[in-house]
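Trainee: Curious how this folds, go ahead:
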Amino acid sequence: MYCIQYITQVNTFCLTCVSAVLFSHKILQHFMLPSADNFYGEADFIFQAKSAIFSFLPILSWLPSYPVKEYLFGDIVSGLSTGVMQLPQGLAYAMLAAVPPVYGLYSSFYPVLLYTLFGTSRHISMGTFAVISLMIGGVAVREAPDSMFPLNGTNVTGLVDFEARDARRVQVAVALTTLVGLIQLFLGVLRFGFVAIYLAEPLVRGFTTAAAIHVFVSQLKYLFGVKTKRFSGPLSVLYSLIAVFKDITSTNVTTLIVGLVCIVFLYSVKDVNERFKKKLPIPIPGEIIVIVSTGVSYGMALFENYQVDIVGSIPVGLLPPVIPDFTLFPNLVADAVAIAVVGFSMGISLAKIFALKYGYSVDGNQEMIALGLCNFASSFFQTFVITSSMSRSLVQESTGGKTQIAGLLGSLLVLLVIVAIGFMFEPLPQTVLAAIIMVNLLGMFKQVRDIPALWRTSKIELAVWLVAFVASVLLGLDFGLLVAVGFAILTVIYRTQSVILGQIPNTGLYYDIDEYEEASECSGIKIFHSNSSIYFANSDQYVNHLKDKVSIKTISDISFWRGTGIYIYIYFFYYSKIWENALRFLCLCENKPNRARNAPNKPIIN
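Mentor: So this is what the prediction gives:
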């Protein structure tokens with residue numbers, strides 16, 4: 001019976017995928033493919049159509065030439081290793097997303113399968129990710145709080161209909177995933193893959209470090225075994241800490257011991273894997289070893305005898321497709337935009353790292369489309385938003401993964417658990433999942449090492465890092481990201497300010513005298529460096545900055561032509577008539593039309 005149900009559901013999934021492909025291909029034809037009349041001949045049109053199809057389905061370009069003897073063994077080992085990691089992480093990150101653990105398994109299967117078809121990166125591992133899961137959980141808790149689901153329709157404090165609450169939170173997470181997928185698809189089709197460049201590395205690292213704090217604090221209640229509500233929004237970290245410490249006297253000692261033992265063990269395994277990664281054929285699967293505690297939990301009856309919270313019911317088999325609740329969309333748009341951009345930014349940054357290391361290219365626009373399709377199509381099968389995971393991607397690479405086949409094999413391992421042995425994870429203590437999450441945050445916490453490095457190299461990027469971190473910790477991830485992006489844009493404006501250059505002694509090099517102590521000004525000469533165009537929007541700002549740097553009161557004190565007076569060499573990256581007109585415009589900004597009109601045709605520009 002399970003086989004018949006499984007075949008029916010997989011067929012339905014395939015039909016949905018095909019429909020998504022055809023729909024997206026129609027969009028691509030509309031936006032990217034010119035009509036046959038615009039080509040010199042039918043052959044050119046066919047060539048362009050073929051190129052577009054191969055670009056949209058990258059698997060068609062690399063699978064036919066897949067070197068089985070060279071790549072297959074490495075992809076198999078890598079796929080199994082990654083799949084083993086997907087299982088506990090999927091269960092754990094579902095807790096962050098405020099949905100039952102089994103939905104983490106669904107999110108570790110469908111999207112990974114789709115990315116094999118549409119993705120351009122050979123090494124990243126798609127699936128659940130802590131930061132994205134936490135952002136989803138914040139939205140789910142906001143839209144479906146405990147107070148909305150009193151047991152049996154009563155208003156008695158503390159009595160919650162958990163089944164109804166969880167069902168509603170799943171609906172919210174699924175609707176949010178659908179919307180995120182649509183946004184990513186829309187941006188990808190319109191070739192907006194460049195938006196990731198506006199999330200600079202210091203911003204992303206500061207943001208993810210703050211997210212690690214949110215995640216860590218959210219897991220304390222599972223580690224201590226206390227019952228506290230989940231908070232979201234500004235100061236949620238503080239409220240969560242206060243709630244945990246208020247109930248610290250009701251700590252379940254057995255739960256705490258199990259969690260701490262798992263944390264120590266997992267940290268030790270990760271340390272061994274890092275120290276001996278060149279000698280170990282594959283990393284030691286610490287997370288799966290910890291899952292053995294499922295058997296211990298079942299044998300010792302931790303739930304019955306010690307009230308240790310466990311994962312609980314995990315239905316066997318795949319769920320039938322469900323249409324998302326579109327009435328939720330208006331409340332989710334802002335959150336969906338933030339999650340869509342953050343998810344894509346993390347995915348493309350990791351993809352570019354591996355592409356640079358192994359000498360191939362990734363297409364940002366196609367990655368946006370691939371991620372959008374993964375989220376949109378999979379949402380009909382009740383998944384939540386996914387992106388790439390650094391920890392799994394590093395394992396996939398280090399164990400010999402060469403292509404997307406590794407991810408495909410890993411997803412099939414997850415499928416095996418879903419359709420056959422998912423029930424075996426039901427006695428797994430939730431504190432074990434909390435331990436897995438906490439240890440996997442180690443890499444994000446290590447990003448605080450950026451602070452001394454940025455202090456030495458760039459104070460502005462350090463400010464971006466700190467603002468992203470502090471704002472995200474205090475205001476929540478959504479508002480914190482907004483503040484961080486706004487501040488980063490302000491720093492871009494600041495960094496376009498012009499500077500005074502000085503000469504490095506005994507060289508022909510000129511650098512900012514404020515940044516380089518060795519640089520000294522040439523006697524009687526000011527070298528003013530501008531790294532941006534002068535136009536109507538920044539002309540006043542440019543004039544004020546110029547006056548401040550050269551210590552003059554008005555622009556009319558400057559002689560832009562040869563003769564007596566102050567000479568200022570305004571250094572641009574290149575010279576064109578635009579610059580000449582811009583300099584004339586500067587004089588107009590100072591209400592000196594006669595001087596601008598009488599200025600020579602070619603200012604003195606270095």
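Trainee: tell me the phi and psi of Tyr511?
Mentor: The main-chain torsion angles of Tyr511 are listed as degrees, to the nearest 10 and equal phi -130, psi 170.
Trainee: How much space separates the residue lying closest to it once chain neighbours are set aside from Leu454?
Mentor: Spatial nearest neighbour of Tyr511, chain neighbours left out: Ala519 (4.6 Å); criterion: Cβ to Cβ, 6 or more residues apart in numbering. C-beta: built from backbone N, CA, C; applies to glycine. With distances defined as Cβ to Cβ, to the nearest Å, the gap from Ala519 to Leu454 amounts to 22 Å.
Trainee: before we move on, what about Ile291?
Mentor: Separation of Ile291 from Leu454 (Cβ to Cβ) stands at 39 Å.
Trainee: OK, contacts around the residue nearest to Tyr511?
Mentor: Leu501, Gly502, Gln503, Ile504, Tyr510, Tyr511, Asp512, Ile513 (Cβ atoms under 8 Å, 6 or more residues apart in numbering).
Trainee: now Thr120
Mentor: Counting by Cβ under 8 Å, 6+ apart, the residues that Thr120 touches are Pro58, Ala351, Ser361, Val362, Asp363, Gln366, Glu367, Ala370.
Trainee: in what helix or strand does Met135 lie?
Mentor: Using DSSP states H and E, Met135 sits within helix 130-143.
Trainee: Mind checking the pLDDT average for that helix?
Mentor: For helix 130-143, mean pLDDT rounds to 91.
Trainee: Show me what that helix packs onto, helices and strands only.
Mentor: helix 68-96, helix 162-189, helix 201-224, helix 329-358, helix 477-495 (3 or more Cβ pairs under 8 Å, 6 or more residues apart in numbering; DSSP states H and E).
Trainee: between those helices, which gets nearest to Phe469?
Mentor: Among the helices and strands packed on helix 130-143, helix 201-224 comes nearest to Phe469, with 4.0 Å by Cβ to Cβ.
Trainee: The following helix or strand past that closest one: which residues count as buried?
Mentor: Note on helix 201-224: by DSSP H and E, the next helix or strand toward the C-terminus is helix 236-246. Along helix 236-246, these residues count as buried under the neighbour rule (16 or more other Cβ atoms under 10 Å): Ser236, Val237, Tyr239, Ser240, Ala243, Val244.
Trainee: helices or strands up against helix 236-246?
Mentor: Here helix 236-246 touches helix 201-224, going by 3+ Cβ pairs under 8 Å, 6+ apart.
Trainee: tilt between the helix it packs on and helix 236-246?
Mentor: Helix 201-224 and helix 236-246 meet at an angle of 20 degrees, taking axes from the mean of the first three to the mean of the last three Cα atoms, to 10 degrees as the criterion.
Trainee: all strands for the stretch 401-550 of the chain, in order.
Mentor: Under the criterion DSSP state E, counting those that start in this stretch, the stretch 401-550 of the chain contains strands at 499-503, 510-512, 526-529.
Trainee: The last one packs against which elements?
Mentor: Right, strand 526-529. For strand 526-529, where contacts count as 3+ Cβ pairs under 8 Å, 6+ apart, the packed elements are strand 499-503, strand 510-512, helix 539-550, strand 568-571.
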